[in-house]
Structure formats: C-alpha cells, structure tokens
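Visitor: return atomic coordinates for the entry below.
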Amino acid sequence: MGLEVPKSYANIFEILNQSGLISSELAATMIRMAKFRNIVVHQYTEVDARIVVKILNSHLDDFVDFRREIIHQLEQ
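Guide: Below you'll find the predicted structure:
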C-alpha cells in the first residue's frame, strides 16, 4: 500500500489514520493501548497484574473495532 514504515507501535496507528484506514477515534484508542503494551512489556515488574486484567477485560472491544474498520477498508 506504500505506507511509511512505523517508528513505534503507537506510530502504526497514526499512519493508519493518516492514510484513512482507521478513524481518528480508533487511532487514539489504539495508541493508548500501544503505550499500555509498552509499559507492560518494559516495566512488567512494576505493573499490578489486577490492573492489567481489568484494562484488558474492559477494552477487548477495541480490538474488535480495529478489526471491523480494517476489514471494511479492505473490502472497499
């Protein structure tokens, strides 16, 4: 598709938004999730597992929304 190479996980969603593949709202949500992922991966010894589980349980629909928007764009 000729998109630029992302510089970070969060940048992936900025690029997808700029190219019109996902909405601004979803991009913002996924950027927050990417930043959360970075905290869990890089500072896992300081992360409360209960908070991780709570966030994941309350935000699983974010991934469904991402999937739906990408599939919609691919079908165009």
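
Visitor: could you pull out the helices for this protein?
Guide: Per DSSP state H, the chain carries helices over the ranges 9-18, 24-42, 49-75.

Visitor: distance from the chain centre to the longest one, please.
Guide: Its chain's C-alpha centre lies 8 Å from the corresponding centre of helix 49-75 when counted by CA atoms, centre = their mean, to the nearest Å.

Visitor: averaged pLDDT, that helix. What do you get?
Guide: Summarised as a single mean, pLDDT over helix 49-75 is 91.

Visitor: which other helices and strands contact it?
Guide: helix 24-42 (3 or more CB pairs under 8 Å, 6 or more residues apart in numbering; DSSP states H and E). Any C-beta I mention is one placed from the backbone N, CA and C, and that applies to glycine too.

Visitor: just checking, Glu69 touches Leu26?
Guide: Yes - counting by CB atoms under 8 Å, Glu69 touches Leu26, with 5.8 Å between them.

Visitor: that'll do, ta.
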